[in-house]
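# test case, fold it:
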Amino acid sequence: MTNGPAVLVDGLGKTYPGGVRAVDGISFAVERGEFFGFLGPNGAGKTTTIKILATLLPKSEGRVEVAGLDVIREPKAVRQAIGVALQEVGLDDLSKGRDFLELQGLLYGLSRAEARMRAGELLELVGLSSVADRKVGSYSGGMRRRIDLAGALMHNPGVLFLDEPTTGLDPQSRIAVWEHLEELNAQGVTIFLTTQHMDEADRLCRRLAIIDHGRLVAEGSPAALKAGVGGDIVHVAFDADDSAEDRVAAALAAVRALPGVRQADLAAGGLTATVSDGGAAAPAIMSAFQDAGLSIANLSITRPSLDDVFLQHTGRQIRDSDADGDAEDRMWSQWMGVNRR
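Reported below is the predicted structural model:
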């Protein structure tokens, strides 16, 4: 790897057949040894971006370098420098965990002895030594994620790309994966993580970027992004039986007009407002709801989170876009189908 950034993206764009613009002129850099988060809802362009960085998908325009190598001119060298673990875990269920890792090592050019030694090290790292000789098909979801992660590390890559590594995992398995990733990063591995889980990004990432509809809408450290929201966050939940559209609209308009309210938006089953002083604003917000004929089920005041950062920059919560989650995968599948013909 050169002395420049681990990842350099300048004006990256991707248009799928049919004119669908998945990534729209984004630019960012990831420094060596950094833990970088790439956040956004399903279908926002995260997976398309990471597949371009990993040489699995051609870009439409822009400049992309990984480990100082151009992904178009030097794809083989890029693949040798990186490890990749995507959402669609490709494992051989009939293979034993240890055998799977050793095969990955051989494919990357390790000798049989080197592959055996490296597999043992990684099985210990990801906590799978005790099940190394069991078939992968018997592994739980969390164990499958961890063996896939180990496979991506067999050749000691300097840069690791992870696409939603904890999706579908139970809380205990998620934390186990987080701990393994933190240990890898402490060893100097640059990690590029895509996720739609804000708590995950807040814990793991030194710096992050938020993508929405193919465009970057925010970039910085988690602390700086949350500080940029400022003030307090007031969350109001109203009774589901008492949420006529006209009354909700009236309450929203009234809250937005209150002194000290910087932003107010509807969220699932309620309203979220960014205010200068939560304690001072809460009574006025309650009055606005009562005047609109709405009953408040719950009101809470919190400090800004990354969810609030996303809401501020996009006007919606990240979970509100999950219904579109398969769109990006469909575009990828269609592209693959066209290029296999």
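
# which parts of the stretch 151-300 of the chain are helices?
In the stretch 151-300 of the chain, the helices defined using DSSP state H, counting those that start in this stretch lie at 171-186, 198-204, 222-229, 245-256, 278-291.

# can you give me phi and psi for Arg146?
Per-residue torsions, Arg146: phi -70, psi -40 (degrees, to the nearest 10).

# what is the burial count for it?
For Arg146, the count of nearby residues is 26 (other CB atoms under 10 Å). The way it works is simple: take the backbone N, C-alpha and C, and place the C-beta from them, glycine included.

# isn't it right up against Ala176?
Yes: Arg146 is in contact with Ala176 according to CB atoms under 8 Å; the separation is 7.2 Å.

# shared neighbours of those two, anything?
Counting by CB atoms under 8 Å, 6 or more residues apart in numbering, the shared contacts of Arg146 and Ala176 are Gly127.

# now do the contacts for the residue nearest the centre of the chain.
Centroid-nearest residue in the chain, with CA atoms, centre = their mean: Thr195, separated by 1.5 Å. By CB under 8 Å, 6+ apart, the contact set of Thr195 is Gly37, Phe38, Leu39, Glu164, Pro165, Thr166, Ala201.

# buried ones in whichever strand or helix holds Ile50, by neighbour count?
Ile50 is part of helix 46-53, with elements assigned from DSSP states H and E. Neighbour counts using 16 or more other CB atoms under 10 Å place Lys46, Thr47, Thr48, Thr49, Ile50, Lys51, Ile52, Leu53 of helix 46-53 among the buried residues.

# from the contact counts, what lies against it?
strand 7-16, strand 20-30, strand 35-39, strand 61-66, strand 159-163, strand 190-195, helix 327-340 (3 or more CB pairs under 8 Å, 6 or more residues apart in numbering; DSSP states H and E).

# if we use 7 Å, what do you get?
strand 7-16, strand 20-30, strand 61-66, strand 159-163, strand 190-195, helix 327-340 (3 or more CB pairs under 7 Å, 6 or more residues apart in numbering; DSSP states H and E).

# model confidence over the second one, on average?
Think strand 20-30. Confidence over strand 20-30 (mean pLDDT, whole number) is 97.

# swap in the first one?
Confidence for strand 7-16, expressed as mean pLDDT, is 97.

# kindly report the same for the shortest one.
With pLDDT averaged residue by residue, strand 159-163 scores 94.

# contacts for that strand, please.
By CB atoms under 7 Å, 6 or more residues apart in numbering, the list of residues contacting strand 159-163 from outside reads 6-7, 47, 50, 53-54, 66-67, 81-87, 152, 184, 189-194.

# what does the second one give?
The set of residues external to strand 20-30 that reach it, using CB under 7 Å, 6+ apart, is 5-16, 36, 45, 48-49, 190, 192, 209, 211, 214-216, 219, 328, 331.

# give me the buried entries from these.
Those of the contacts of strand 20-30 that meet the buried threshold are 5-9, 12-16, 36, 45, 48-49, 190, 192, 209, 211, 214, 216, 219, 328, 331, by 16+ other CB under 10 Å.

# what lines up beside the host helix or strand of Val84 in the sheet?
Assigned by DSSP H and E, Val84 belongs to strand 82-85. Counting by DSSP bridges, the strands paired with strand 82-85 are strand 159-163 (parallel).

# quick one: the strand it pairs with to strand 190-195, angle?
Taking axes from the mean of the first three to the mean of the last three CA atoms, to 10 degrees, strand 159-163 and strand 190-195 form an angle of 10 degrees between their directions.
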